[in-house]
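>>> This is a predicted model, with the sequence first.
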Amino acid sequence: GAVVSQHPSRVICKSGTSVKIECRSLDFQATTMFWYRQFPKKSLMLMATSNEGSKATYEQGVEKDKFLINHASLTLSTLTVTSAHPEDSSFYICSAPRASGTYEQYFGPGTRLTVT
Amino acid sequence: AQSVTQLDSHVSVSEGTPVLLRCNYSSSYSPSLFWYVQHPNKGLQLLLKYTSAATLVKGINGFEAEFKKSETSFHLTKPSAHMSDAAEYFCVVSRSGNTPLVFGKGTRLSVIA
């Protein structure tokens, strides 16, 4: 079964509004989670690293004031797209590494954001 | 720095014929390598992973990949394609379990009946 969940799976919002996406590790603790963005028919691009208890680390070119990340607990990270615009429409995916030495990360099912 | 190059953006095969999806990697460290599959409008599914154990890795659904350090390659193969294999495939490299994954650009596999 799924070990990382995302909510919502789909969201449609109007320009100028904010949208929050949740990423939860279901049966393990994750001090680190990663947020990726995928444009249509493109690969995944790392946006930021979410760290429990400290500020997120953003990749070059990603606006930290627009994409707010909060790692609220050892099982929850949230990504808030503030003042969304149509160009923010995308597929957002989170992942969490499991501290088991297998080097495997578990991906959430993704959130499809459409900004009208 | 790490990177992966997927040599083909699109591969088309007939059902029942072999599949070969090519991937070359670059890494300053001993890498962990993965292949993920993504069906349309779906999330990512791990097919297989290499983490410095056996160089020939067997995954789900009949896929396998061979790590060749001398060629810096990690090509994905399957002896006989099935219609359900049509999807986007990503070759991925990681330094360690707690670092972000670096994705290749993806290869779209089409399977013709």
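Cool, got the structure.
>>> Check the gap between A:Leu44 and A:Tyr36 for me.
4 Å (CB to CB, to the nearest Å). Where you see a C-beta, it was placed from the backbone N, CA and C, and this is true even at glycine.
>>> okay, and the common contacts of those two?
With contacts taken as CB atoms under 8 Å, 6 or more residues apart in numbering or on different chains, A:Leu44 and A:Tyr36 have A:93, B:103 as neighbours in common.
>>> Can you pick out the residue with more neighbours from the two?
The residue with the greater number of neighbours, taking A:Leu44 and A:Tyr36 and applying other CB atoms under 10 Å in any protein chain shown, is A:Leu44; the counts read 28 against 24.
>>> which residues sit in contact with the more buried one?
Per CB under 8 Å, 6+ apart, neighbours of A:Leu44: A:36-38, A:93, B:44, B:90, B:101, B:103.
>>> mind redoing it with 10 Å?
For A:Leu44, the contacting residues are A:34, A:36-38, A:91-93, A:95, A:107, A:110, B:36, B:38, B:44, B:90, B:92, B:100-106, taking CB atoms under 10 Å, 6 or more residues apart in numbering or on different chains as the criterion.
>>> Isn't A:Gln6 up against A:Leu26?
No. Between A:Gln6 and A:Leu26 there is no contact, the gap being 11.0 Å when judged by CB atoms under 10 Å.
>>> So residue 48, which state does it fall into?
Let's take chain A. Per DSSP: H, G, I helix; E, B strand; the rest coil, the secondary structure class of A:Ala48 is strand.
>>> Report the contact partners of it.
Residues counted as contacts of A:Ala48 (CB under 10 Å, 6+ apart) are A:33-37, A:55-59, A:62, A:64, A:67-69, A:77, A:79, B:100.
>>> who's it bridged to?
Beta-bridge partners recorded for A:Ala48 (DSSP bridges): A:Trp35, A:Tyr58.
>>> Who is B:Leu20 paired with across the strands?
With DSSP bridges applied, B:Leu20 shows beta-bridge pairing to B:Thr77.
>>> Over to B:Val11?
Applying DSSP bridges to B:Val11 gives these bridge partners: B:Leu109.
>>> which residues does it contact?
Going by CB under 10 Å, 6+ apart, the list of residues near B:Val11 reads B:19-22, B:81, B:89, B:107-111.
>>> Please spell out the PyMOL selection for the buried subset of those residues.
For selection in PyMOL, the members of these meeting the burial criterion (16 or more other CB atoms under 10 Å in any protein chain shown) are listed in this command:
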select buried, chain B and resi 19+21+22+81+89+107+108+109+111
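>>> Closest one to chain A out of the contacts of B:Val11, please.
Of all these, the one sitting nearest chain A is B:Arg108; the distance, using CB to the nearest CB, is 8.0 Å.
>>> which residue ranges form the strands in chain B?
B:3-6, B:10-14, B:19-21, B:23-26, B:32-38, B:44-50, B:56-58, B:64-68, B:73-78, B:87-94, B:102-103, B:107-112 (DSSP state E).
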